[in-house]
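[1] pasting the sequence and the predicted coordinates here, then a few questions.
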Amino acid sequence: MEHIITTQALTKNYGSKPVVRDLTLKVPPGSIYGFLGPNGAGKSTTMKMLLGLVKPTAGSIFILGKPVLEENRLELLKNTGSLIESPAYYGHLSARENLQIVCTLKNVPETGIDSVLRIVRLEKQQDKKVKHFSLGMKQRLGLAAALLGHPRLLLLDEPTNGLDPAGIQEMRELICSLPGKYGMTILVSSHLLSEIDQMATHVGIIEKGALIFQGSLESLHRHSRARIRLRTTDNGRAFCVLKNAQLPVAADKDGHGLFLHSTEDSRVLQCGRLLAEQEIGVLRLEEMQMSLEEIFLKLTEKQASL
Ligand SMILES: Nc1ncnc2c1ncn2[C@@H]1O[C@H](COP(=O)(O)OP(=O)(O)OP(=O)(O)O)[C@@H](O)[C@H]1O
């Protein structure tokens with residue numbers, strides 16, 4: 001399977017300051033690739049390099065299987081839509097008129113305007129002046145502009161920044177619908193783990209310019225050591241019984257229960273049997289996943305200790 005975006009040792013220094021280091025991105029076709037990292041990690045700089053807006057210090061970029069070179073950059077970018085930073089508009093013009101200008105700039109037919117307005121659900125407001133738009137509507141118009149020309153690849157830099165919860169939800173649903181309906185691949189950046197968790201199929205985590213994780217969202221979740229939380233009629237005695245049986249057990253911090261640091265059926269079964277034998281009642285038994293927040297901290301801690 002050929003990746004839609006590949007970078008090799010992509011590097012950017014500003015003066016002597018490394019901002020992106022040796023980045024090897026692999027974005028699979030049809031994926032929503034969540035590009036995750038704290039503020040200042042280098043996400044925007046990377047996306048700008050992919051779009052040819054910032055020149056890499058070193059390394060190479062391949063988009064849709066082709067190396068991005070000065071001479072074919074424009075051709076490749078024809079197949080790429082982007083929403084980087086707050087999109088600029090003519091406030092005194094309507095949404096449709098703004099999109100007509102984008103069509104001229106992109107050299108794509110205006111016949112696509114109706115369809116992108118429908119996708120972003122702005123068809124009813126298409127004749128309204130953009131200066132009267134809410135931030136959410138402006139972001140959706142930005143997405144509509146990115147979708148003109150039906151690109152195969154979309155690059156979205158923090159598309160939900162500044163939106164209210166309803167706007168965030170709307171933008172998220174829109175983004176999620178695009179690969180299935182239109183066969184697009186999407187690279188979307190965010191510093192919010194929960195957001196990526198709800199949207200992405202694949203994840204790349206960048207910290208201080210370097211990639212510290214890349215893979216499917218599922219494989220990221222596998223990084224989370226799941227555990228079982230138990231509440232019993234006698235947590236103190238239960239702890240001793242399980243510990244004596246060499247089970248990986250720990251008391252939880254507030255003393256209301258226990259953690260079994262394993263989700264293997266055989267161990268959970270053993271745990272239940274031992275407690276029943278000792279006539280200790282089980283009140284709760286639940287599987288706990290590490291939150292993405294915890295996974296991120298774990299990954300970055302590991303990085304810091306390397
Ligand atoms: N033109 C520039 N000149 C010098 N330094 C820059 C320039 N652009 C970005 N930087 C620095 O590069 C680092 C990475 O910035 P970048 O905007 O890529 O991060 P980011 O992950 O997108 O963060 P944010 O979510 O805050 O936008 C920051 O320390 C920033 O100050």
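    Alright, I've got the coordinates. Numbers count the residues shown, from 1 in each chain.
[2] okay, now the one residue in the stretch 101-250 of the chain that gets nearest to the ligand: neighbour count?
    Closest approach between the stretch 101-250 of the chain and the ligand, counting by CB to the nearest ligand atom: H191, at 5.3 Å. All C-beta spots, glycine's among them, are computed from the backbone N, C-alpha and C. Neighbourhood size, H191 [other CB atoms under 10 Å]: 15.
[3] give me phi/psi at it?
    Phi and psi for H191, reported as degrees, to the nearest 10, are phi -100, psi 0.
[4] please name the residues that touch it.
    Applying CB atoms under 8 Å, 6 or more residues apart in numbering, we find H191 in contact with L36, G37, P38, N39, A41, K43, E158.
[5] repeat for L260
    Counting by CB under 8 Å, 6+ apart, L260 touches R227, I228, R229, L230, L242, L247, P248, V249, R267, V268, C271.
[6] hmm, 7 Å instead?
    R227, I228, L230, L247, P248, V249, R267, V268, C271 (CB atoms under 7 Å, 6 or more residues apart in numbering).
[7] likewise A146?
    Neighbouring residues of A146 by CB under 7 Å, 6+ apart: G81, S82, L83, L154.
[8] give me the nearest residue to it, chain neighbours excluded.
    G81 (3.4 Å; CB to CB, 6 or more residues apart in numbering).
[9] pretty sure the one you found contacts L147?
    Yes: G81 lies in contact with L147 (CB atoms under 7 Å); the separation is 5.6 Å.
[10] of those two, who's got more company?
    Under the criterion of other CB under 10 Å, the comparison of G81 against L147 puts G81 first, with 26 against 23.
[11] what is the more buried one paired to in the beta sheet?
    L154 (DSSP bridges).
[12] all strands of the stretch 101-250 of the chain, in order?
    Assignment of strands within the stretch 101-250 of the chain using DSSP state E, counting those that start in this stretch yields the ranges 153-157, 185-190, 202-207, 210-216, 227-232, 249-251.
[13] tabulate these (TSV), appending mean pLDDT and mean neighbour count.
    Formatted as TSV, the strands of the stretch 101-250 of the chain follow (pLDDT from 0 to 100; neighbours: other CB atoms under 10 Å):
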stretch	mean pLDDT	mean neighbour count
strand 153-157	94	23
strand 185-190	95	24
strand 202-207	93	23
strand 210-216	92	17
strand 227-232	91	20
strand 249-251	91	17
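[14] turn these into CSV, columns for distance to A9.
    Putting those into CSV (distance: least, CB to CB, whole Å) gives the following:
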stretch, distance to A9
strand 153-157, 20
strand 185-190, 19
strand 202-207, 14
strand 210-216, 11
strand 227-232, 38
strand 249-251, 42
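[15] any weak-confidence spans in the stretch 201-306 of the chain?
    Across the stretch 201-306 of the chain, the ranges flagged by pLDDT under 70 are 223-225, 290-293, 302-306.
[16] can you list the residues of this structure near the ligand?
    Counting by CB under 6 Å from any ligand atom, the chain comes close to the ligand at Y14, V19, G37, N39, G40, A41, G42, K43, S44, T45, H191.
[17] dump the residues you listed to TSV, plus secondary structure and pLDDT.
    Listed next are the residues of the chain next to the ligand as TSV, based on DSSP: H, G, I helix; E, B strand; the rest coil; pLDDT from 0 to 100:
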residue	secondary structure	pLDDT
Y14	strand	95
V19	strand	96
G37	coil	88
N39	coil	85
G40	coil	88
A41	coil	90
G42	coil	94
K43	helix	94
S44	helix	94
T45	helix	95
H191	coil	86
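[18] just the buried members of those?
    V19, G37, A41, G42, K43, S44, T45 (16 or more other CB atoms under 10 Å).
[19] quick one, what contacts the last one?
    For T45, the set of contacting residues under the criterion of CB under 7 Å, 6+ apart consists of K12, V19, V20, V54.
[20] please report how far the last one lies from C176.
    Think V54. Note on V54: its distance to C176, by CB to CB, to the nearest Å, is 28 Å.
[21] and what of the third one?
    Separation of V20 from C176 (CB to CB): 27 Å.
[22] and the first one, by the same measure?
    Counting by CB to CB, the gap between K12 and C176 amounts to 30 Å.
[23] fine, thanks again, bye for now.
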